[in-house]
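Student: A predicted structure for the sequence below; I have some questions about it.
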Amino acid sequence: MLKISALFLGLATVCGGLAHAGLASGPQDSAAIVAQAQEFLRKQALIYPGTPQITIDASRLDNLPACSQLQFSLPSGGHLRSRSSIGVHCLAPEPWTSYVQASISIQGTYYVPARNLNPGEALGPDNLDARQTDLLSLPPDTVIDPAQLLGRIARHRLIAGAPIKGNGLRDPQSIMRGQTVRLEARGNGFIASSEGKAVQGGSPGSQIQVRTATGRIVTGTIVDGATVSVMM
């Protein structure tokens, strides 16, 4: 009896040690996966100016092995979508991967041209209208943050009421390909200026090539919407 009692005592000690070490046992609690997946998606949605509504389909979460360390991932591309398959990865004690289907909506405000805007026109409060929608339903690259709209210049014709995409705008201090620019050549103790024609376009801080009046191609850094600095 003493040997049997000692054996049971030893097993209890081992099991207690495993539990104390954080090793999981039994089936995984699906409610815990749902709660952590919702929190993961709420953090991903912080970049949008709205409150997310999230629904998780837990039908595939039955009979998964217990997990003490869960990790979640978005589909390839890493962008929230109205319907997404979210990766659920167990890192310990035994690795496994499953997926849950998530339905997400984020009601918020975005801005559209109040009228047709021609290339070269600046965007401002007088020519933008606010609209409400599920922000995840907008086309990819739609600019939502008004701070990224105000003062920007239309690259091409922007249609009234249509979402504004980032590739349709440029920085007001950017330089366009073919634009005549002032070249500032800087060297040891001197600054010389001349005119050239931009071979490439870009925004302040980026490097572009410029053709000088003599036909030479030089590389310089955009300073503002009219100036390119060249180090000699």
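Tutor: The structure has been received and is ready for your questions. Numbers count the residues shown, from 1 in each chain.

Student: list the buried residues of the biggest strand by length in the chain.
Tutor: What stands out as the longest strand in the chain, according to DSSP state E, is strand 96-113. Residues 99-100, 102, 104-106, 108, 110-113 are the ones in strand 96-113 that count as buried (16 or more other C-beta atoms under 10 Å). (Glycine included, C-beta is placed from N, CA and C.)

Student: mind giving me the packing neighbours of that strand?
Tutor: When contacts are defined as 3 or more C-beta pairs under 8 Å, 6 or more residues apart in numbering; DSSP states H and E, strand 96-113 sits against helix 30-44, strand 50-57, strand 83-92, strand 128-134.

Student: can you redo these as TSV with mean neighbour count?
Tutor: What follows is these, written out as TSV (neighbours: other C-beta atoms under 10 Å):
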stretch	mean neighbour count
helix 30-44	16
strand 50-57	16
strand 83-92	16
strand 128-134	13
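
Student: adding distance to residue 166, write those out as CSV.
Tutor: Below are these laid out as CSV (distance: least, C-beta to C-beta, whole Å):
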stretch, distance to residue 166
helix 30-44, 20
strand 50-57, 19
strand 83-92, 22
strand 128-134, 15
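
Student: what's the closest non-adjacent residue to residue 61?
Tutor: residue 30 (3.8 Å; C-beta to C-beta, 6 or more residues apart in numbering).

Student: the one you found touches residue 58, doesn't it?
Tutor: Yes: look at residue 30 against residue 58 with C-beta atoms under 8 Å: they come within range, at 5.0 Å.
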